[in-house]
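> Pasted the sequence and its predicted model underneath.
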Amino acid sequence: MKPGVELLAETPGTGPPLARHQWYEVRLRMWLRHGDPVRWTEPWGRVDRARLEDEGTTLTTTLRVDRVSMFPGLFYGVEGMRVGGRRRLRIAPHLAYRQAGVPGLIPPNALLVVEIEIVSEGAV
């Protein structure tokens, strides 16, 4: 794994391996350095597929595996995953949202813990 991305936990999937430039339905949860959950204020992604659960702490959406759709740490962190798998990653600020952060959601230079589950493939 790329320096700055640390694998904390993994449940391997039994489906096909992820392929770059393909779409997948994913479930995302993120936490800040001290364990505070990131709470999305609105779903991100396709209107007909994106939804929030658990009071905004879980985002289920479609995501394309590429450098445009994913921030760098997540892009590197899903490498080698299979459909049905789940990973928990610690992502350094320089591979997350850097000094810009996400106003009102993620502070500048935030270390993130991200849990991603690949729910299904071909979700477009």
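Perfect, I can see it now.
> where does the protein have low pLDDT?
Residues of the chain meeting the criterion pLDDT under 70: 46-47, 123-124.
> The chain: strands as residue ranges?
With DSSP state E, the ranges of strands along the chain come out as 5-11, 23-32, 51-53, 58-64, 86-91, 112-121.
> which one of those lies closest to Gly73?
Set against Gly73 and scored by Cβ to Cβ, the strands of the chain come closest in strand 86-91, at 3.3 Å. Every residue, glycine included, has its C-beta placed from N, CA and C.
> Which residues are in contact with His34?
For His34, no residue meets the contact criterion (Cβ atoms under 8 Å, 6 or more residues apart in numbering).
> hmm, I was thinking of Val119
Per Cβ under 8 Å, 6+ apart, neighbours of Val119: Tyr24, Glu25, Val26, Arg27, Thr60, Val83, Gly84.
> for Gly13, same thing?
Counted by Cβ under 8 Å, 6+ apart, Gly13 has contacts Met81, Arg82, Val83, Gly84, Gly85, Arg86, Ile118.
> Could you measure from the second one over to Ala9?
Taking Cβ to Cβ, to the nearest Å as the measure, Arg82 falls 15 Å from Ala9.
> State the phi and psi torsions of the spatially closest residue to Arg82 that is not a sequence neighbour.
In space, and not counting its chain neighbours, Arg82 is closest to Gly13: 3.4 Å by Cβ to Cβ, 6 or more residues apart in numbering. Here is the backbone geometry of Gly13 (degrees, to the nearest 10): phi -90, psi 160.
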